[in-house]
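1. Based on what follows, work out the 3D shape:
(one chain, ligands or ions: 1)
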Amino acid sequence: MSILVISDLHLNPAEPQGLAALAALRQKWAANCSDLYILGDFFEAWVGDDDNNAFVEATVAELQAWRQLGIKLYFMPGNRDFLLGKDFAQRVDWTVLSDPQLVDFYGIPVLLSHGDLLCTDDLAYLRWRHYAHSRWLQRLFLALPLWLRRKMAQKARQKSKHYVQILDPIKMDVVPSAVLAWLKQAPSSVLIHGHTHKPGYHICYRDHRAFTRITLSDWHDGAHVLVWEKDNSARLI
Ligand SMILES: [Mn+2]
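-> Numbers count the residues shown, from 1 in each chain. Purely as a prediction, here's the structure:
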């Protein structure tokens, strides 16, 4: 049995191939996967659990199909879908994780994160994130009519696209010192995160300890997954 870790699917109705890739992944791993961890940006956008549409229904059905196989689901909110709430969690029966979250993979302590908190050079974004994660502002936003929330989300996506285009690419990557600070504090020497869409393995040495950071891929060109095996070998595919 393997543990699968994915992130940054950016599921949205305009690109149905994402959901199809998730279904294909389920079929492939049906007999060999015990746990599926989703580290944020599962959806391209989320404006509230009351935003029910055919695409959301199809996604719920897909996640329920994973659950029917006995696979446990875990979800950590990303910067796109941090408004995914309790109603949705109940429907798909996934466990919501905090960011960062320490987990146990076959006896190895592993730190999980979406990754945006580690991009500490992007101060403007972190300031926005601070407000966007405040309870009262979220409640205020969720109380707005659905059509207005959809409109606001669309505007925000356009703005973010423009922001990403003008931003220094270095600023959009995680800062190694931030990673080290986390790993030195946690009883873990492995960090798995997404968000940057720059998949790879990074190993660094400090104070006679080796730290490994594994960055997950986004799904814009199909399904990508980190497979963590029972013998504690891990591979990105
Ligand atoms: Mn992200």
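2. which helices and strands sit right next to the longest helix along the chain?
-> Looking across the chain with DSSP state H, the single longest helix is helix 146-166. Packing contacts for helix 146-166, counted by 3 or more C-beta pairs under 8 Å, 6 or more residues apart in numbering; DSSP states H and E, involve helix 135-142. The C-beta positions use only the backbone N, C-alpha and C, and glycine is treated the same way.
3. Now with 6 Å, please.
-> Taking 3 or more C-beta pairs under 6 Å, 6 or more residues apart in numbering; DSSP states H and E as contact, there are no helices or strands that helix 146-166 lies on.
4. Tell me if it is near the ion.
-> No - between helix 146-166 and the ion, judged by C-beta under 5 Å from the ion, nothing touches; the nearest distance is 9.9 Å.
5. what's the offset of that helix from the middle of its chain?
-> Centre-to-centre, helix 146-166 and its host chain are 19 Å apart (C-alpha atoms, centre = their mean, to the nearest Å).
6. For that helix, buried residues please.
-> In terms of neighbour count (16 or more other C-beta atoms under 10 Å), helix 146-166 has its buried residues at R149, A153, A156, S160.
7. Tell me which helix or strand comes right after the helix or strand of the chain with the lowest mean pLDDT.
-> For the chain, using mean pLDDT, DSSP states H and E, the weakest element among its helices and strands is helix 146-166, scoring a mean of 83. Proceeding N to C from helix 146-166, the next assigned helix or strand is helix 176-185, under DSSP states H and E.
8. Name the residues that touch that following helix?
-> L118, T120, L191, R206, F211, R213 (C-beta atoms under 6 Å, 6 or more residues apart in numbering).
9. Can I have the buried ones of those as a PyMOL selection?
-> The buried subset of the contacts of helix 176-185, as determined by 16+ other C-beta under 10 Å, is captured in PyMOL by this line:
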select buried, resi 118+120+191+211+213
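10. Out of the contacts of helix 176-185, flag the one nearest to the ion.
-> Nearest to the ion, judged by C-beta to the ion, of the contacts of helix 176-185 is L118 at 11.2 Å.
11. Helix, strand or coil: sort out the residue of the chain found nearest the ion for me.
-> Relative to the ion, the nearest point of the chain is H195 (3.8 Å; C-beta to the ion). Three-state assignment for H195 (DSSP: H, G, I helix; E, B strand; the rest coil): coil.
12. Surely it touches L117?
-> No - contact status for H195 versus L117: not in contact, 9.0 Å apart, counting by C-beta atoms under 6 Å.
13. With neighbour numbers in mind, choose between those two.
-> H195 (26 against 17; other C-beta atoms under 10 Å).
14. okay, the more buried one: pLDDT?
-> What the model reports for H195 is a pLDDT of 94.
15. who touches it in this structure?
-> By C-beta under 6 Å, 6+ apart, the neighbours of H195 are H114, G115, D116.
16. repeat that with 8 Å
-> S7, D8, G40, D41, G78, N79, H114, G115, D116, C119, V174 (C-beta atoms under 8 Å, 6 or more residues apart in numbering).
17. what's the closest non-adjacent residue to the last one?
-> The one in question is V174. L118 (3.8 Å; C-beta to C-beta, 6 or more residues apart in numbering).
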